[in-house]
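J.: I would like to see how this sequence folds:
(2 chains)
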Amino acid sequence: MRQRLRDPVTGLLFVLPVLVLFLIFRIFPSLGAAGMSLTNWNIGGEWDVIGADNYARLLDDVNFWLSLRVTLVYVAIYVPLTLLVALGTALLLNQVVFMRGFFRGMLFLPYVTSFVLAGIIWRWIYEFDGLINGLLAKADLGPVAFLEQTALVLPALAVVSVWKGFGYSMLILLAGLKSIPSSYLEAATVDGANPWQRFRRITLPLLKPTIFFVVVIETISAFQTFDTVYVMTGGGPVRATYTLIFGIYDHGFRSFDFGYAATWGMVLFAIVLIVSLIQRRFLDRGNT
Amino acid sequence: MTITASRPATELSTAQAARRRRWRTKGPLAALLALLSLLTVSPFAAMFIVALSPEGEPTVPRQWPDSLTLDNITRVLSSSGFATWTVNSLVYALVSVVIILLTSSMAGYAFAKKRFPGREAMFWTFLATMMVPFQATLIPTFVLVNSLSGVDTFWGLIVPTLANSQAVFLMRQFILGLPDELFDAAKVDGASEWRVYWTIVVPLTKPILATLGVFVFLWHWNDFLWPLVVGQSDATRTLTVGLTTLRTEELQLSVLMASAAVSVLPCLLVFFLLQRYLVNSIAMTGLK
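T.: Model prediction:
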């Protein structure tokens, strides 16, 4: 009896530090973002409620629509590319026994570094006298201005993020592959299925939930791309890499237009929410 | 070995033939895997070669450097800005590791094993905040920290990043799997709640605490957007932010690459010491 009476207090006390941190630095700012998007908050901390004016301004802002397009194009390049690389390397690692741990480590290595470091290395790799153009010059080709051409810059940035991040998805997919019972594949082999048929009819369907998880995770992370843009292009050339987060940063910390920047933040929130809800829906359907 | 040697010669040769056949089909796959692994680490290799090349001398990609030197590295290490950023990054990462491990394991224990009013509602609120991307609340969080005079201070840099829902969630899931009897027995013996936490919860969660600690270290060491907006002078600037202030216009490429190379050393150290650990925990917990 005494135990049960004492429990509520101790339970709360153990949660208290996290509770306070969350209330102040996660929940309050989350509500604050919605509130600020309805004001003209500026750097001096002065503000008036201006209702939905920021949202009306957003709909009229060509830069916003451009930014949304840039972000969507980036997601459309990045997600399939990273899935392809991660799935390809995971399948290879699942097949090859020879020095598997060593190769897995090498492929995973960029994941433990920062996007800033990736940006700094690849900025040089893409430069006129950088690594790729240096190699192209040996074959009397190039030079190619990867980061100065609007058509090339988003794929170039996507390659950097794929390089830095595919190791994570590769490990998730590899774990998925390992959970497929080998008896299924052996039975198919006995029945005369060739490797492609085994992949198409057994591996791929059984791997579907894992692939779905990877696509969702990578989509959300692609929508949040900022570091490589900041380091490599600064949103340019001519706003060709002006992603949503770069817009939040630009309006907030270059123009100090906090109210409007918060409105851009609400758009990001809405997008991530929609992706998460789609994920929930698919998972629920998978369970029934 | 002795067993195979005692087998009849015919059996041995079929085993050899099978191995040869396997090698013929898997050989090209292994070669492809080796090639992809080399491609993946080659940007790091190029970075280190340039970092070790004498300043101003020709190096990759045009030619292999004639000699290697540690001059760039020692120059970077002795520059005051770089040393300050490194210390700041270490403080940012290590303080966060200690506090997040402590607070999230306490909260995880309470959520998993204690009964108190509002427990479920609180836990689901924590989970819901996972769906709000930090970047969407960047502006209100900055305004909040600014109004508390936290900009360009260590507490302003560290404290808002301590509210980590992934950590709380992970700890709670792990502690849920521990048998209740352990805690009941300790309480019957008259141990205080704090003592139960220190002598039972902490030792039993050591593996997951270690994993979480490594991830929190990497997250903070590699973090960029929040340190960028809060650390406005060298006094609180972290390494990632400091690196982006270095420009090749004012600096030899070899010095820039030496800075980048030194900044990645802690990540490489973590990688080489704990690779197996990292790989397994990603596969098991999906920590990103």
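J.: How about the contacts made by the closest residue to chain A within chain B?
T.: Closest approach between chain B and chain A, counting by CB to the nearest CB: B:Pro61, at 2.8 Å. In short, each C-beta sits where N, CA and C put it, glycine included. Residues counted as contacts of B:Pro61 (CB atoms under 8 Å, 6 or more residues apart in numbering or on different chains) are A:130-131, A:133-135, A:138, B:46.
J.: If we use 6 Å, what do you get?
T.: Each residue near B:Pro61 by CB atoms under 6 Å, 6 or more residues apart in numbering or on different chains is listed here: A:131, A:134-135.
J.: Next: B:Thr84.
T.: Counted by CB under 6 Å, 6+ apart, B:Thr84 has contacts B:Asp234.
J.: can you do 8 Å?
T.: When contacts are counted by CB under 8 Å, 6+ apart, B:Thr84 touches B:234-235, B:237.
J.: In contact with the residue of the stretch 101-250 of chain A found nearest chain B, which residues are there?
T.: Nearest to chain B, among the residues of the stretch 101-250 of chain A, is A:Gly134, at 2.8 Å (CB to the nearest CB). Listed by CB under 8 Å, 6+ apart, the contact set of A:Gly134 reads B:60-62.
J.: Now with 10 Å, please.
T.: A:125, A:127-128, A:142-143, B:46, B:59-63 (CB atoms under 10 Å, 6 or more residues apart in numbering or on different chains).
J.: which of those residues are buried?
T.: Neighbour counting by 16 or more other CB atoms under 10 Å in any protein chain shown classes A:125, A:127, B:46, B:59-61 among those as buried.
J.: Which ones among those residues map onto strands?
T.: With DSSP state E as the criterion, strands contain none of the buried ones among the contacts of A:Gly134.
J.: Select the longest helix from the chain.
T.: In the absence of a named chain, chain A is used. helix A:62-95 (DSSP state H).
J.: hmm, I had chain B in mind actually
T.: The residue-count maximum for a helix in chain B (DSSP H) belongs to helix B:9-52.
J.: Now the residue nearest to the spatial centre of chain A: closest residue in space, sequence neighbours ignored.
T.: In chain A, the centroid-proximal residue (CA atoms, centre = their mean) is A:Ser221; its distance is 1.5 Å. Of all residues not flanking A:Ser221 in the chain, A:Gly165 sits nearest, at 7.1 Å (CB to CB, 6 or more residues apart in numbering or on different chains).
J.: Ok, B:Ala210 next?
T.: Spatial nearest neighbour of B:Ala210, excluding adjacent residues (CB to CB, 6+ apart): B:Tyr277 at 7.3 Å.
J.: element containing that neighbour?
T.: If you go by DSSP states H and E, B:Tyr277 is part of helix B:253-285.
J.: what's the answer for A:Val159, then?
T.: Assigned by DSSP H and E, A:Val159 falls within helix A:150-178.
J.: do the next helix or strand after that helix and chain B meet at all?
T.: Going down the chain from helix A:150-178, the next helix or strand is helix A:182-190, by DSSP H and E. No. Helix A:182-190 lies out of reach of chain B by CB under 10 Å from any CB of the partner chain, never closer than 12.6 Å.
J.: Mind listing what's buried along the helix or strand harbouring B:Phe126?
T.: Using DSSP H and E, B:Phe126 sits in helix B:119-129. For helix B:119-129, the neighbour count (16+ other CB under 10 Å) marks B:119, B:122-123, B:125-126, B:129 as buried.
J.: Surely A:Leu87 and A:Val214 touch.
T.: Yes. Counting by CB atoms under 10 Å, A:Leu87 does reach A:Val214; the two are 8.3 Å apart.
J.: Which neighbours do these two have in common?
T.: In contact with both A:Leu87 and A:Val214: A:166, A:169-170, A:173, A:176, A:207, using CB under 10 Å, 6+ apart.
J.: if we can go back for a sec, find me the pLDDT at the residue nearest to the centre of chain A, would you?
T.: In this model, A:Ser221 is scored at 92, pLDDT.
J.: From A:Ser30, how far off is it?
T.: 20 Å (CB to CB, to the nearest Å).
J.: Could you pull up the mean pLDDT of the next helix or strand after the longest helix of chain B?
T.: Helices and strands here follow DSSP H and E; after helix B:9-52, the next one along the chain is helix B:71-78. Average pLDDT, helix B:71-78: 88.
J.: what do you get for stretch B:221-229?
T.: 95.
J.: for stretch B:100-111, same thing?
T.: Stretch B:100-111 comes out with an average pLDDT of 95.
J.: same check, this time on stretch B:181-194
T.: Averaged over stretch B:181-194, pLDDT sits at 83.
J.: That stretch near chain A at all?
T.: Yes. Using CB under 10 Å from any CB, stretch B:181-194 comes into contact with chain A via B:184, B:187-188, B:192-194.
J.: quick one: pLDDT of residue 3?
T.: If you meant another chain, say so; for now it's chain A. Reading off the model, A:Gln3 has pLDDT 46.
J.: wrong one, chain B
T.: So, for B:Ile3, pLDDT stands at 47.
J.: which residues touch B:Gly150?
T.: Counting by CB under 10 Å, 6+ apart, B:Gly150 touches B:142, B:144, B:156-160, B:230.
J.: Now, these that are in helices?
T.: Checked against DSSP H, those include these in helices: B:142, B:144, B:156-158, B:230.
J.: In terms of distance to A:Gly101, which of the residues you listed ranks first?
T.: When these are compared for distance to A:Gly101 (CB to CB), B:Ile158 comes out closest, at 35.8 Å.
J.: OK, contacts around the residue nearest to B:Val143 when sequence neighbours are not counted?
T.: Of all residues not flanking B:Val143 in the chain, A:Phe258 sits nearest, at 6.1 Å (CB to CB, 6+ apart). By CB under 10 Å, 6+ apart, the contact set of A:Phe258 is A:36-37, A:39-43, A:45, A:47, A:251-252, B:139-140, B:142-143, B:146.
J.: Mind picking the two most distant members of these?
T.: So, those by CB to CB: farthest apart are A:Ser37 and B:Asn146, at 17.8 Å.
J.: Tell me which of those two has more neighbours.
T.: A:Ser37 (27 against 17; other CB atoms under 10 Å in any protein chain shown).
J.: Could you check how far that one is from A:Gly134?
T.: 47 Å.
J.: can you pull out the helices in the stretch 151-288 of chain A?
T.: A:182-190, A:195-198, A:204-223, A:227-232, A:244-253, A:258-287 (DSSP state H, counting those that start in this stretch).
J.: Which one of those helices lies nearest to B:Trp221?
T.: helix A:227-232 (13.4 Å).
J.: Domain-wise, how is the chain divided?
T.: No chain in the question, so chain A it is. Residue ranges for each domain of chain A read A:1-29, A:52-117+A:157-287, as given by automatic domain parsing.
J.: wait, I meant chain B there
T.: B:2-52, B:78-285.
J.: ends of the longest one, how far apart?
T.: To tie it back to what came earlier, the one meant is domain B:78-285. 40 Å (CA to CA, to the nearest Å).
J.: Please apply the same query to stretch B:105-119.
T.: Rule used - CA to CA; the end-to-end distance of stretch B:105-119 is 16 Å.
J.: next one: that stretch to chain centre, how far?
T.: 27 Å (CA atoms, centre = their mean, to the nearest Å).
J.: Check which residues of it are buried.
T.: Neighbour-count burial for stretch B:105-119 [16+ other CB under 10 Å]: B:105-114, B:116, B:119.
J.: go on, stretch B:29-41?
T.: B:30, B:33-34, B:36-37, B:40.
J.: cool, and stretch B:173-191?
T.: Quick answer for stretch B:173-191 (16+ other CB under 10 Å): B:174-175, B:178, B:183, B:186, B:191.
J.: thinking again about what came up before, helices and strands around the helix holding A:Val159, which ones?
T.: When contacts are defined as 3 or more CB pairs under 10 Å, 6 or more residues apart in numbering or on different chains; DSSP states H and E, helix A:150-178 packs onto helix A:62-95, helix A:100-108, helix A:115-126, helix A:204-223, helix A:227-232, helix B:9-52, helix B:253-285.
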